[in-house]
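> one predicted model, sequence on top.
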Amino acid sequence: MFVFVQGSINLITKALAAVGCKMQLLPDPTAVHYHLPDGLSVRVHRKFEDFLVELTGYFPHEKEGISQFYNECWKVFNSLNSLELKSLEEPLYLFGQFFKKPLECLTLAYYLPQNAGDIARKYIKDPNLLCFIDAECFIVSTVNALQTPMINASMVLCDRHFGGINYPVGGVGGIAKNLAKGLVDYGGTISYKANVTDIILENEKAVGVRLSDGRQFYAKKIISNATRWDTFGKLLRTEKLPPEEKNFQRLYVKAPSFLSIHMGVKEEVLPLDTDCHHFVLEDDWARLEEPYGSIFLSIPTVLDSSLAPEGHHILHIFTSAWIDDWKGLSQKDYNIKKEAVADEIVNRLEKTLFPGLKEAITFKEVGTPKTHMRFLARDNGTYGPIPQKNPKGLLGMPFNTTGVDGLYCVGDSCFPGQGVIAVAFSGIMCAHRVAADIGQEPMMEC
């Protein structure tokens with residue numbers, strides 16, 4: 001799900017605009033359609049008020065609690081959206097923002113160490129409704145609400161209503177293509193099929209990278225988009241792990257990866273009012289975080305029919321999975337298992353959403369955690385970091401700078417964590433910090 005709207009946290013649009021690009025968008029009337037235990041079928045409508053009405057219809061006795069919880073989310077979101085989001089590691093920038101927006105900064109400081117589940121439990125008592133809040137947060141962070149920082153939850157749960165979910169014409173791949181074109185148009189160079197194997201150190205300072213083909217590139221600053229596990233466990237040839245990385249690995253572990261299914265199906269198998277995004281957990285809340293328990297489903301052709309041949313739809317199905325479940329298999333057994341697990345997932349969707357789905361399939365390709373590890377170069381194919389235990393909000397999440405001089409990290413293992421908006425924020429923060437460090441951006445703006 002991608003958001004292109006107005007406001008400070010509309011970071012994808014800002015990044016595209018920075019390189020002179022703009023994309024044509026299609027509005028999505030429903031951010032996600034939940035299919036949950038006990039017949040709980042909730043659409044997250046574009047209009048926040050419509051969503052509240054639908055959710056309250058299932059839990060009329062919790063009307064006030066629902067309103068109070070989501071109002072707290074809006075309080076966080078509105079504070080974020082009023083600020084110019086740059087590097088939180090730059091004291092003078094922080095002072096400038098506090099000078100201009102003291103109330104908003106204090107609001108964010110108050111919520112920084114808090115988790116969404118704790119806030120929800122202040123207002124909500126119904127266990128099934130609390131399970132629904134867990135599902136809302138699971139989409140954001142792949143963990144339950146008690147382990148999801150309130151700031152992360154608020155960014156996503158409100159941003160989807162602030163201007164709605166808007167889908168780029170031609171598919172989400174157009175975002176990367178436009179960014180790449182813009183960077184080249186502005187004088188940048190992008191090397192493809194360039195596998196980095198080492199970060200080069202000189203006098204304990206990061207000065208360059210070495211590729212698998214032997215080429216070496218040097219720069220004033222080095223930014224790693226690999227996970228912190230890959231950066232400090234594989235790319236850096238150093239025996240001593242910086243203290244902040246030890247702390248990160250003490251607080252966070254690798255999330256599972258995903259099993260992904262890409263399918264083409266005949267269009268008649270989908271009802272005409274089918275939504276684009278679905279989340280399926282049919283019969284047992286306890287399976288929410290279990291491997292293969294929850295199913296994410298995206299059908300982009302509901303919004304943009306040009307993405308598939310006439311008379312067809314594209315289904316992207318994915319569910320969490322651990323790589324250990326796929327190790328030690330022969331190629332034959334690996335392929336057999338892929339088809340068996342995929343068939344089970346498809347059968348569940350056929351039973352819950354689309355009768356006749358299996359017979360309507362015209363194309364199917366299955367990827368496992370090993371696929372994610374190979375093509376995304378992420379340790380064990382992990383989706384990102386998850387806390388070892390209930391965290392103190394975002395207090396334990398490291399920023400972009402590292403204990404190695406000249407080296408920065410960016411992505412979901414940096415503040416503020418997982419999710420499209422959070423990762424984009426990480427990139428904006430890192431760019432500002434690097435620009436300030438090399439003297440290319442004013443250090444204070446008031």
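Structure's in. What do you need? Since the model is a prediction, treat every value here as computed from it, not as a measurement.
> name the helices or strands packed onto the helix-or-strand element of the chain with minimal mean pLDDT?
When the helices and strands of the chain are scored by mean pLDDT, DSSP states H and E, helix 91-100 comes last with a mean of 77. Here helix 91-100 touches helix 102-111, going by 3 or more CB pairs under 8 Å, 6 or more residues apart in numbering; DSSP states H and E. C-betas here are computed from N, CA, C, even on glycine.
> buried residues in the helix it packs on?
For helix 102-111, burial by neighbour count (16 or more other CB atoms under 10 Å) applies to 104-105, 107-108, 111.
> quick revisit: give the buried residues for the least confident helix or strand of the chain.
For helix 91-100, by 16+ other CB under 10 Å, it's 93, 96-98.
> what do you get for stretch 299-306?
Buried, per 16+ other CB under 10 Å, within stretch 299-306: 299-304.
> in the chain, where is pLDDT below threshold?
Along the chain, segments meeting pLDDT under 70 span 1-9, 92, 442-446.
> quick check: longest helix of it.
Assignment by DSSP state H gives helix 331-352 as the longest helix of the chain.
> contacts for that helix?
35, 259, 261, 263, 280, 282, 292, 295, 297, 317, 319, 326, 329, 356-358, 361, 364, 366, 368, 370 (CB atoms under 8 Å, 6 or more residues apart in numbering).
> stretch 179-188 too?
15-16, 18-21, 190.
> between those, which sits nearest residue 397?
residue 15 (21.4 Å; CB to CB).
> isn't the closest one up against residue 425?
No. The criterion here is CB atoms under 8 Å, and residue 15 misses it with residue 425 at 10.8 Å.
> which residue of those two possesses the greater neighbour count?
residue 425 (24 against 18; other CB atoms under 10 Å).
> what sits up against the strand or helix carrying that one?
Counting by DSSP states H and E, the element that carries residue 425 is helix 420-437. For helix 420-437, contacts defined as CB under 8 Å, 6+ apart pick out 1-3, 9, 11-12, 14-15, 85-90, 93, 152, 155-156, 159, 221, 223, 399-401, 408-412, 414-416, 441-443.
> check stretch 299-315 too.
26, 28, 167, 169-172, 261-267, 269-270, 274-278, 297-298, 316, 362.
> now intersect those residues with the strands, please.
Residues of the contacts of stretch 299-315 located in strands (DSSP state E): 26, 28, 167, 261-266, 277-278, 297-298, 316, 362.
> measure residue 29 to residue 139 for me?
18 Å (CB to CB, to the nearest Å).
> look at these two and report which has more neighbours.
A direct count of neighbours by other CB under 10 Å for residue 29 and residue 139 places residue 139 higher, at 21 against 14.
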